[in-house]
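Novice: need a structure here:
(chains A, B, C and D)
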Number of protein chains: 2
Amino acid sequence: MGTTQLESVPEPKYWHLKTVLSEALDSEFSVGEILPNERDLAARFGVARATLRQALEQLELEGRLQRRRGVGTTVAPPRVGVAVGSEQQAWPGAAGDDWQTVDCAAAVPPASVADALGTDREQAVHTVRRSRMTHGQPVAAELLYIPEASVPELSAIDAPSGAARARAVLRELQRLELESRENAVELGSARADDAKELDRLPGAPVLVVTTRYLAGGRTAAVSVATYRADTCRLTFGDSGAVEIHEGPERQAS
Amino acid sequence: MGTTQLESVPEPKYWHLKTVLSEALDSEFSVGEILPNERDLAARFGVARATLRQALEQLELEGRLQRRRGVGTTVAPPRVGVAVGSEQQAWPGAAGDDWQTVDCAAAVPPASVADALGTDREQAVHTVRRSRMTHGQPVAAELLYIPEASVPELSAIDAPSGAARARAVLRELQRLELESRENAVELGSARADDAKELDRLPGAPVLVVTTRYLAGGRTAAVSVATYRADTCRLTFGDSGAVEIHEGPERQAS
DNA sequence: TAGTGGTCTAGACCACTCA
DNA sequence: GAGTGGTCTAGACCACTAG
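Specialist: Sure, this is the predicted structure:
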């Protein structure tokens, strides 16, 4: 990628640097390839390491790079499209989705969720944790909030917590008739627990998808799913993401 | 907000700082209020300015703060929800949307857009620029790509460029029957031109919404809209093209 | 243990806004 | 011109990964 000199322009160095690196990624590197380390790169471009890092951070934000502590910086594959609005009529946990139920507990939801659910702010609700995998990589961590009222017959079916309980809650939920869903997407940063599940550091940029499940004229459940912003492109609408990827087709389970 | 001491924990300082600031924002500040400047804040917490800035950057990313060079750091209002998937059956420029048509030119689209449109990579298409305002603030800048084939009768109707031309293109486009739309959302950073229009600095985080408009079995148009990630929450109504059941109408704005 | 990215410091100067 | 946030430097040490 050469030893390109940075001209002294009013444009910030890191911005110019980002452009140069971006072009180098297109022309001289292939997916998965390891870049020189930050100290070498900074020296090569004649800038401080912090400046070089500013450029790398942006490229990582745009999904061009992947950095891992103790390992290095690699060229990221194109973002994977994940369908968020396609299973239009389905409750979470319906057959065929690629979510994995992790566990379940009773917990008091954040105030905003409680308001959406119409429950008291101190009232505990079923809290189901799920994670979503695509191509063997974790792409999303989700917390599902389901008030007692939505699963009235759950009482003594299963264990009080754990994955079995979670599945029981979702099973009960599916007895309701789903009227519609409402999605919202916004930018956030990963909490510590989500970050761990997503194999990122805390604070990593994520796309937060909040879904309200409406049934019987009320909000029967609320889902807050955090997607890795660096690796994901969220698709909404009819035919979601049919991804082109080489290799054997995923087989039905 | 006090002079809270940072304990020496393995948790990064900026992370802890962010938590402390976040709580202070909730309890001791109101929307629009100006924070102390970065040098004072850093001194107050006993950290270097760079560390303090790392915390502020995250809070800005989460939409809690707004920073303006030469002015200061203020407490941001809650994110505004902007509907992206609600006018499911509408072409861009349909009556009632809150987009403002800026201008139009013939230009060669990015390769990815050309592929989606099915045009040659060197072929120029109508490129309409629009901007979206909400509550008097710019929230999105859009580039619409419309191939000649989608507006065959446009020939000599209006000026070769400018806002009048743009409106003529959109008017012609609306003669086609819209079959469906496909949306994708991903994280990006603002290009210089978009940043200017959004009143942000280049590189600011944006949510990039790519929409394919399908008509007559082909992609009739592609829209690439960049939304300010700090101020916007994108909402996708469900109302999947098919089902229409009565009920309380969702209201815009 | 060597090498990587992540955090942190204490400065400096620049670009911008506004009185 | 005073004050703000934005950029940049040249170091240092830490946390993590892997041979």
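
Novice: show me the contacts for the closest residue in space to residue A:39 that isn't next to it in sequence.
Specialist: Distance criterion C-beta to C-beta, 6 or more residues apart in numbering or on different chains; nearest residue to residue A:39, sequence neighbours excluded, is residue A:49 at 6.1 Å. Where C-beta positions appear, they are placed from N, C-alpha and C, glycine not excepted. Under the criterion of C-beta atoms under 8 Å, 6 or more residues apart in numbering or on different chains, the neighbours of residue A:49 are A:38, A:39, A:42.

Novice: where's the second one relative to residue B:136, distance?
Specialist: Which is residue A:39. The gap separating residue A:39 from residue B:136 is 47 Å, by C-beta to C-beta, to the nearest Å.

Novice: now the last one
Specialist: With the distance defined as C-beta to C-beta, residue A:42 ends up 43 Å from residue B:136.

Novice: which one of these two has more residues nearby?
Specialist: Looking at residue A:42 and residue B:136 with other C-beta atoms under 10 Å in any protein chain shown, you find the greater number of neighbours at residue A:42, namely 20 against 5.

Novice: The more buried one contacts residue A:48, doesn't it?
Specialist: Yes - assessed by C-beta atoms under 8 Å, residue A:42 is found in contact with residue A:48 at 6.3 Å.

Novice: Between these two, which contacts overlap?
Specialist: Counting by C-beta under 8 Å, 6+ apart, nothing touches both residue A:42 and residue A:48.

Novice: which among the contacts of residue A:49 gets closest to residue A:125?
Specialist: Closest approach to residue A:125 among these (C-beta to C-beta): residue A:38, at 45.0 Å.

Novice: Give me the pLDDT value at the residue lying closest to residue A:188 once chain neighbours are set aside.
Specialist: Nearest non-adjacent residue to residue A:188, counting by C-beta to C-beta, 6+ apart: residue A:208, 4.3 Å away. As predicted, residue A:208 sits at a pLDDT of 97.

Novice: Show the contacting residues for residue A:208.
Specialist: Residues in contact with residue A:208 (C-beta under 8 Å, 6+ apart) are A:185, A:186, A:187, A:188, A:224, A:225, A:226, A:227.

Novice: State the distance from residue A:190 to DNA strand C.
Specialist: Look at residue A:190 and DNA strand C: by C-beta to the nearest atom of the strand, to the nearest Å, they are 12 Å apart.

Novice: Just give the number of residues close to that residue.
Specialist: Neighbour count for residue A:190, taken as other C-beta under 10 Å: 22.

Novice: looking at it, it is touching residue A:202, isn't it?
Specialist: Yes - at 6.0 Å, residue A:190 and residue A:202 qualify as touching, with contact defined as C-beta under 8 Å.

Novice: what does stretch A:191-201 contact?
Specialist: Contacts for stretch A:191-201 (C-beta under 8 Å, 6+ apart): A:69, A:131, A:137-141, A:190, A:202-204, A:206, A:226, A:228, A:230.

Novice: Please repeat the previous calculation with a cut-off of 10 Å.
Specialist: The contact list for stretch A:191-201 (C-beta atoms under 10 Å, 6 or more residues apart in numbering or on different chains) reads A:67-69, A:102, A:129, A:131-132, A:137-143, A:188-190, A:202-204, A:206, A:208, A:224-231, B:11-12, B:15.

Novice: starting at the chain centroid, how far to it?
Specialist: Relative to its chain's centre, stretch A:191-201 lies at 10 Å (C-alpha atoms, centre = their mean, to the nearest Å).

Novice: what are the ranges of the strands in the stretch 101-250 of chain A?
Specialist: Shown for the stretch 101-250 of chain A, the strands assigned by DSSP state E, counting those that start in this stretch span residues A:125-134, A:137-146, A:180-189, A:205-215, A:218-228, A:232-237.

Novice: Chain B contacts on the stretch 1-150 of chain A?
Specialist: Residues of the stretch 1-150 of chain A lying near chain B by C-beta under 10 Å from any C-beta of the partner chain: A:11-12, A:14-15, A:18, A:50, A:54-55, A:57-59, A:61-63, A:78-79, A:81-86, A:88-89, A:112.

Novice: Now cross-check the residues you listed against DNA strand C and list the overlap.
Specialist: When contact is defined as C-beta under 7 Å from any atom of the strand, the residues of the stretch 1-150 of chain A next to chain B meet DNA strand C at residue A:50.

Novice: show me what contacts the residue nearest the centre of chain A?
Specialist: Residue closest to the average C-alpha location in chain A (C-alpha atoms, centre = their mean): residue A:227, at 1.0 Å. Taking C-beta under 10 Å, 6+ apart, we find residue A:227 in contact with A:82, A:84, A:132, A:138-142, A:185, A:188, A:194, A:198, A:206-209, A:233-234, B:185-187.

Novice: Pairing-wise in the sheet, spell out the partners of it.
Specialist: Residue A:227 forms beta bridges with residue A:140, residue A:207, as assigned by DSSP bridges.
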